[in-house]
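In: here is a sequence together with a model predicted from it:
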Amino acid sequence: MAIISETTRPVAASFAGLPLRTWQTLGVALVFIVACVLPFTTSSYHLFQLTMVLVYAIALLGLNILTGFNGQVSLGHGAFYAIGAYTTAILLDNTAIPYWATLPIAGIVCLGAGFLFGLPALRLEGLYLALATFALAVATPQLLKFRGFEKWTGGVQGIVIDKPSPPAGVPLDSDQWLYFVCLAVTVPMFLIGWNLLRGRTGRAIVAIRDHPIAAASMGIDTAMYKSLTFGVSAMYTGIAGALGALAAQFVSPDSFSVFLSISLIVGLVVGGIASIFGVLFGAAFIVFIPNIADQISKAAPWAIYGIFLIGFMYVLPTGVAGGVKRLGSLLGRMGKR
Amino acid sequence: MQVFWHQVLSGLATGGIYASIALALVMIYQATHHINFAQGELAMFSTYIAWMMLDAGFPYWAAFFLTLVFSFIAGVLIERIVVRPVENAPVLTVVIVFVGLLVITNSLAGWIFSYTIKSFPSPFPSNAWYASSYLSAHEIGMIAVTFGVLLLVFLFFRFTPLGLAMRGAAQNPVSSRLVGIRVGWMLALGWGLAGTVGAVAGMMAAPIVYLDPNMMSGILLYGFAAALLGGIDNPWGAAAGGFIVGVLENLAGAYVVGTEIKLTVALVLIVGVLVVRPSGLFGRVLVTRV
């Protein structure tokens, strides 16, 4: 199932005298600088939204590693987001562990959960995996409400957690501090993801998507790679969930319904399947569009999501990132002329 | 023991709904090898149409059959407009289009009919002569309607030329086209029929689960479980799977896990069947040549 071929990138395209790679580096640097300056210029509500963009970007990166690069369709990543969020909330509620230390724990818990779910998922291909993960997404809120776990999960009421406050001597308010905590997690997560995917491992992951049999005959341990990819993907989404819980200061079963998983799919499609930096567009889309569309009707955000899902599949299957890339190579070709 | 039989029988009744949904899923799967994630939401929307007509003063059975006609046309239109462009697309694309369809239908229903929960009447009066302490009149009626639908679908596919053409188009599109069957239209008809069967399930379920835009999410999950348990390429297996799942769900809810995490039963069933016996109880074992 070759969805997107990565070979469309022109080898030495250039624009306005500089090679495209330089433009890409400049673009990344610019995004980073803007990301550092923004929190000092916006209201605290907008800052919360920006924090959520970072959170969703990590979650989407996780989903993209699995669905975009490895070709395993997951409609249930909201479940791993929920596991991450609940891990952090439960740890903060019951133990004296500082909030930052809960993030790696949430990551490890989700790595394990994803790996375990990935094992039976190995036997499922394409459509059936989508079905199984969809079932997981639908069942998640009920599992979180389950009375047997109520002692820890707080049942229907959920858990309220305190907002982390900046360490003494840092001239930031708590919203800004939280934003920078998220940024400090996002950047390394992206670097790790980028490194993972461009190397030998990444080529193996993509090869399994494009031609599993050929990949296996090249000596790739398909089963191991697939379950590990599932684990790593769940880990990303789980860490995002943990950060999301800190940002929202609250977890409850109903915030992790099947629609969270669908939101993540929307972000994936809009940003661009199998694109690392596209997930930023996707994350911004799923954070800001509901706010704008809510003014029309309560149902409007989802109607718009649905239309974008189908529309992008028809018109721009590579998402915003693919569109930008195509535009870039177009400009590059015009520059050469 | 009486409680046990009560659970089994009312499980059979809800199983009828799952069987209908599973049958609708299998109809589409057989023809196009797509799993329609929006099947439940389409049924929900049809039920709202029925509610609208009842609200406008139509008698129940008139509203019932008009809704079936509407659902058939809607199914055909959706196949023609939305599904056809991605007919041969990769799995991910198809799944995403179906999820988009699910989301659009859900929000459209919420937009037009609001998210407040509505009650939906049952055509079977609660004090009818066939009601008993084991099964309410609606449950008996539900079972009867399900069997009626199954019988009609069987007769249609077994004894009519159109049914034969549709089976041919699903099994061997190339040869069917050579003998003059318009395969594309057969697929659209399949979608129409699936929409109709789904609408029956929606209207039968609504008096029990009440009418709201999210009413079908649990039912759809059980429909998936039923279709997989029976074998996703076997309509009769799927129908049998529906009844089995209905009984299992009720028994598990009553004796094992409690009613709160019934959906997890469906999850476990789905994953379990896919892992242990992907072809289901009555399905054909697929062998892929590599």
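Out: Nice, thanks for sending it over.
In: all contacts plus neighbour counts: C-alpha atoms, from now on.
Out: Noted.
In: counting by contacts, list what the helix or strand harbouring residue A:113 packs against.
Out: Counting by DSSP states H and E, the element that carries residue A:113 is helix A:99-121. Where contact means 3 or more C-alpha pairs under 8 Å, 6 or more residues apart in numbering or on different chains; DSSP states H and E, helix A:99-121 is packed against helix A:77-94, helix A:222-248, helix B:262-276.
In: I'd like the ones you listed laid out as TSV, including mean neighbour count, mean pLDDT and distance to residue B:57.
Out: Listed next are the helices and strands packed on helix A:99-121 as TSV, based on neighbours: other C-alpha atoms under 10 Å in any protein chain shown; pLDDT from 0 to 100; distance: least, C-alpha to C-alpha, whole Å:
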stretch	mean neighbour count	mean pLDDT	distance to residue B:57
helix A:77-94	26	93	43
helix A:222-248	27	93	47
helix B:262-276	21	85	36
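In: dump those to a markdown table, plus distance to residue B:164.
Out: Putting the helices and strands packed on helix A:99-121 into a markdown table (distance: least, C-alpha to C-alpha, whole Å) gives the following:
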| stretch | distance to residue B:164 |
| --- | --- |
| helix A:77-94 | 42 |
| helix A:222-248 | 42 |
| helix B:262-276 | 30 |
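In: what's the closest of those helices to residue A:43?
Out: helix A:222-248 (15.2 Å; C-alpha to C-alpha).
In: how about the residue of chain A found nearest chain B: what's its closest non-neighbour residue?
Out: Nearest to chain B in chain A, going by C-alpha to the nearest C-alpha, is residue A:306, at a distance of 4.2 Å. Once flanking residues are discounted, residue A:306 sits nearest to residue B:100: 4.2 Å by C-alpha to C-alpha, 6 or more residues apart in numbering or on different chains.
In: where along the stretch 51-200 of chain A do the helices fall?
Out: A:77-94, A:99-121, A:126-145, A:150-153, A:174-198, A:200-210 (DSSP state H, counting those that start in this stretch).
In: what's the answer for chain B, then?
Out: Ranges of helices within chain B are B:2-32, B:39-55, B:60-78, B:91-113, B:137-159, B:161-171, B:173-178, B:183-209, B:217-230, B:235-251, B:262-276, based on DSSP state H.
In: say whether chain A is contacted by the first one.
Out: No: judged by C-alpha under 8 Å from any C-alpha of the partner chain, helix B:2-32 and chain A are separated, with a smallest distance of 10.8 Å.
In: what pLDDT, on average, does that helix get?
Out: Averaged across helix B:2-32, pLDDT comes to 88.
In: got the contact list for residue B:169?
Out: Going by C-alpha atoms under 8 Å, 6 or more residues apart in numbering or on different chains, residue B:169 touches B:31, B:176-177, B:181, B:183, B:186-187.
In: about what we covered before: JSON lines please, covering the helices of chain B and showing distance to residue A:294.
Out: As requested, those are exported to JSON lines (distance: least, C-alpha to C-alpha, whole Å):
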{"stretch": "helix B:2-32", "distance to residue A:294": "32"}
{"stretch": "helix B:39-55", "distance to residue A:294": "22"}
{"stretch": "helix B:60-78", "distance to residue A:294": "27"}
{"stretch": "helix B:91-113", "distance to residue A:294": "12"}
{"stretch": "helix B:137-159", "distance to residue A:294": "39"}
{"stretch": "helix B:161-171", "distance to residue A:294": "43"}
{"stretch": "helix B:173-178", "distance to residue A:294": "45"}
{"stretch": "helix B:183-209", "distance to residue A:294": "28"}
{"stretch": "helix B:217-230", "distance to residue A:294": "23"}
{"stretch": "helix B:235-251", "distance to residue A:294": "38"}
{"stretch": "helix B:262-276", "distance to residue A:294": "30"}
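In: need the contacts of residue B:169 in a markdown table with neighbour count, can you?
Out: Putting the contacts of residue B:169 into a markdown table (neighbours: other C-alpha atoms under 10 Å in any protein chain shown) gives the following:
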| residue | neighbour count |
| --- | --- |
| B:31 | 23 |
| B:176 | 18 |
| B:177 | 14 |
| B:181 | 18 |
| B:183 | 22 |
| B:186 | 22 |
| B:187 | 24 |
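In: pLDDT-wise, what's the bottom of these?
Out: Per-residue pLDDT puts residue B:31 lowest of these, at 81.
In: what's near enough to touch the residue nearest the centre of chain A?
Out: With distances taken as C-alpha atoms, centre = their mean, the residue of chain A nearest its centroid is residue A:60 (1.7 Å). By C-alpha under 8 Å, 6+ apart, residue A:60 lies in contact with A:237, A:264, A:267-268, A:279, A:282-283.
In: cutoff 7 Å now
Out: A:264, A:267-268, A:279 (C-alpha atoms under 7 Å, 6 or more residues apart in numbering or on different chains).
In: hmm, back to that, of all the contacts of residue B:169, which comes closest to chain A?
Out: residue B:31 (15.1 Å).
In: so where's the stretch 51-200 of chain A shaky on pLDDT?
Out: By pLDDT under 70, the stretch 51-200 of chain A contains no weakly predicted segment.
In: how about the residues of it near chain B?
Out: Residues of the stretch 51-200 of chain A lying close to chain B by C-alpha under 7 Å from any C-alpha of the partner chain are A:73, A:120, A:123-124, A:126-127, A:132, A:135-136, A:139, A:142-143, A:146.
In: swap the cut-off to 6 Å and go again
Out: A:132, A:135, A:139, A:142 (C-alpha under 6 Å from any C-alpha of the partner chain).
In: how far away is the third one from residue B:257?
Out: Meaning residue A:139. Taking C-alpha to C-alpha, to the nearest Å as the measure, residue A:139 falls 14 Å from residue B:257.
In: what about the two, which has more around it?
Out: residue A:139 (26 against 15; other C-alpha atoms under 10 Å in any protein chain shown).
In: quick one on the thing from earlier: surely the residue of chain A closest to chain B touches residue B:99?
Out: No: using C-alpha atoms under 6 Å, residue A:306 is not in contact with residue B:99; the gap is 7.6 Å.
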